[in-house]
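> Fold the following for me, if possible:
(2 chains)
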Amino acid sequence: MTTEINPRSDDTRVILILDDDAIARSAVAAYLRECGYTVIEAATEHAAKTMLDSPKYDIDIVICATSDVSSEDRFGFSRWLREHHSHVRLLMAATIEKTAKLAADVCEEGPHLRKPYDHQNLVAWIKRLRA
Amino acid sequence: MSAQPVTGSLGARCILVVDGEIEIRFSLAQHLRSAGFTVFEAYSSDEALTLLGAMPFDAVIADFQTPGAMNGLALADLARSTFPHILTVIVSGVDLSHELERTQTAFFQKPYEGAAIVDLVIKTLVANDN
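Below is the predicted model of the structure:
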């Protein structure tokens, strides 16, 4: 039997990042973990909804950074989130730079109350990984 | 139960977990993070290939039936051919132990104990260090 690790075993806040770009998603998730958050990575909207609907994961914030989803789909997800999980804060970003800035802002409210490094370095890291 | 936290240089080791089922992937990734590893996650073999091409990994743990262009075993074979010292682990709901017993890839059948995989990763990486 798979042993469960409770994602809320302490006061850690949980962020779900929805991004179909594996490199950007991984880098932003790593940054947010350094800020003290528990981070769930979803590559698809279906996976994001699975985690949001599960009673096991009390998600506080969703960062939606999916770049190649149409605006209509983004608004559809935003509407679904408002209807089904109105307490969850949704942050949307269309570019890596915007996502990194959002992550930095969220980091400053997080458990460690300070950024592990400047968000411009996060953008630079993502670009290096892609090169 | 979680395995003992990783100490020393092992804490800087990078593990790639590949599974299309987000809850299973997240659970295993959290077990590995609790042990001190840096863990990256991929939803599909395509995402895994992108990450493998971008940074070095010490271990790849892949679901056999992962989404994407190749299955988990083909991904593990490719990873080992590119990085000969990489630890490869396949997980599956189907018993593939016979198919994998003559390979260098470890196997765990779902549902597995996350701690058992963590222990294997720690022991193998420690053995590789010595």
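> residue ranges for the strands of chain A, please.
Taking DSSP state E, the strands of chain A run over residues A:14-18, A:38-42, A:61-64, A:89-92.
> Which stretch among those is buried most, on average?
strand A:38-42 (a mean of 26; mean count of other C-beta atoms under 10 Å in any protein chain shown). For the C-beta atoms, the positions are set from N, CA and C on the backbone; glycine is no exception.
> what angle separates that strand from strand A:14-18?
20 degrees (axes from the mean of the first three to the mean of the last three C-alpha atoms, to 10 degrees).
> quick one on the thing from earlier: looking at the strands of chain A, which is nearest to B:N130?
strand A:38-42 (33.2 Å; C-beta to C-beta).
> The closest one near chain B at all?
Yes - Strand A:38-42 comes into contact with chain B (C-beta under 8 Å from any C-beta of the partner chain), by way of A:T38, A:I40, A:E41, A:A42.
> Could I get the average pLDDT for that strand?
Mean pLDDT, computed over strand A:38-42, is 97.
> List the contacts of that strand.
A:7-8, A:12-19, A:25-26, A:29, A:32-33, A:48, A:51, A:57, A:59, B:22, B:26, B:30, B:41 (C-beta atoms under 8 Å, 6 or more residues apart in numbering or on different chains).
> Show me the helices in the chain, by range?
By default, I'm working from chain A. A:22-34, A:45-53, A:71-84, A:96-108, A:119-130 (DSSP state H).
> actually it's chain B I care about, not the one you picked
Going by DSSP H, chain B shows helices at B:22-34, B:45-54, B:72-82, B:97-100, B:114-129.
> Pick the most buried one from these.
Taking mean count of other C-beta under 10 Å, helix B:22-34 is the most buried of these, at a mean of 22.
> For that one, name the packing helices and strands.
strand A:38-42, helix A:45-53, strand B:14-18, strand B:38-42, strand B:59-63, helix B:114-129 (3 or more C-beta pairs under 8 Å, 6 or more residues apart in numbering or on different chains; DSSP states H and E).
> Now tabulate those in CSV and tack on distance to A:C64.
Compiled in CSV, those are given as follows (distance: least, C-beta to C-beta, whole Å):
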stretch, distance to A:C64
strand A:38-42, 9
helix A:45-53, 8
strand B:14-18, 22
strand B:38-42, 17
strand B:59-63, 25
helix B:114-129, 28
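> Identify whichever of these lies nearest to B:N71.
The nearest among the helices and strands packed on helix B:22-34, by C-beta to C-beta, is strand B:59-63 at 8.3 Å.
> quick check, that closest one touching chain A?
No - Strand B:59-63 does not reach chain A (C-beta under 8 Å from any C-beta); its nearest approach is 12.9 Å.
> if we can go back for a sec, and the helices of chain A, which one is worst for confidence?
helix A:71-84 (a mean of 85).
> Now do that helix: distance to the chain's middle.
16 Å (C-alpha atoms, centre = their mean, to the nearest Å).
> on contacts alone, who are the packing partners of it?
Partner elements for helix A:71-84 (3+ C-beta pairs under 8 Å, 6+ apart): helix A:45-53, strand A:61-64, strand A:89-92.
> Same list, these, but as TSV with distance to chain B please.
Formatted as TSV, the helices and strands packed on helix A:71-84 follow (distance: least, C-beta to the nearest C-beta, whole Å):
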stretch	distance to chain B
helix A:45-53	4
strand A:61-64	14
strand A:89-92	18
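> what about the ones you listed, which gets the closest to B:V118?
Comparing the helices and strands packed on helix A:71-84 by C-beta to C-beta, helix A:45-53 comes nearest, at 22.0 Å.
> List of residues touching the closest one?
A:16, A:18, A:40, A:42, A:57, A:59, A:62, A:66, A:69, A:73, A:77, A:80-81, A:84-85, A:88, B:22-23, B:26, B:43.
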